[in-house]
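# This is a predicted model, with the sequence first.
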Amino acid sequence: MHISGQGSLLKRLTPRRLHLSARARWALIGVAVVAGLYLMSPYFALWRLDRTAVNGPTSALSALVEIEAVRDQIRRRLNKEQDSRIGEVSGPFIDWMQRAIRGNRTDALDAIVTLAWLRNLLLTHAQTSEGFWPAIRFAFFDNPIRFRVRIGARSQGPGSSDAESRPQVHLILERRLLGWRVTAAYY
């Protein structure tokens, strides 16, 4: 092969650098920073929810939870003809709902699905003052505005430890104008 042939082959195989203007580079850096912050934002909201559940008064959860949306998703789950974001519910959750409906009749959800109920549900997997954060087993996006969280291990049955016998808690956070808010909770 000729020397000139090798040179042209090397020239063709050498990776070419993409030359961007300074403005385009800064724009790409800005987009990357904004995307990174957006991807981290539900985790920060979840951490705030954990800290508020552990340290704050129950009423402080109202800034992070849309309790009416949580009630609505449970209503939708109970009505077989409506779509709900709530997935498969556990036997204890169904038993809890049946007891509540028998006891409170028509306004059962308003009476039992409260911020205090949600706080107790979140703290079922709390490790002393650490909160539920160490018990999170899954937390990721369903889509760009919906984020699913699973807290606690799957129940293993009769011979399992105390931590494994507690129901696994599921949360759905949705992006709202002022940040991420819990819009569904079940176990």
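The structure has been received and is ready for your questions.

# Low-confidence bits of this structure, can you list those?
Flagging of the chain using pLDDT under 70 yields the residue ranges 1-7, 9-11, 13-14, 103-106, 155-164.

# Just the helices from it, written as ranges.
For the chain, the helices defined by DSSP state H cover 3-13, 22-55, 67-78, 91-104, 108-112, 115-122, 162-165.

# Of all the ones you listed, which one is nearest residue 150?
Across the helices of the chain, the minimum distance to residue 150, taken as CB to CB, is reached by helix 22-55, at 11.6 Å. C-betas here are computed from N, CA, C, even on glycine.

# Show me what counts as buried in the closest one.
42-43, 45-46, 48-50, 52-54 (16 or more other CB atoms under 10 Å).

# ditto for stretch 170-185
170-175, 180-185.

# Between the two ends of that stretch, how far is it?
One end of stretch 170-185 sits 6 Å from the other (CA to CA, to the nearest Å).

# That stretch: how far from the chain's middle?
When distances are taken as CA atoms, centre = their mean, to the nearest Å, stretch 170-185 is centred 7 Å away from the chain's centroid.

# Need the contact partners of it.
With contact meaning CB atoms under 8 Å, 6 or more residues apart in numbering, stretch 170-185 is reached by 41-42, 45-46, 49, 64-66, 69-70, 73-74, 84-87, 118, 121, 142, 144-151, 169, 186-187.

# Swap in 6 Å and give it another go.
Residues outside stretch 170-185 that contact it (CB atoms under 6 Å, 6 or more residues apart in numbering): 42, 45, 65-66, 69-70, 73, 85-86, 118, 145-150, 186.

# Drop anything exposed from these.
Here, 16+ other CB under 10 Å leaves 42, 45, 65-66, 69-70, 73, 85-86, 118, 146-150, 186 buried among these.
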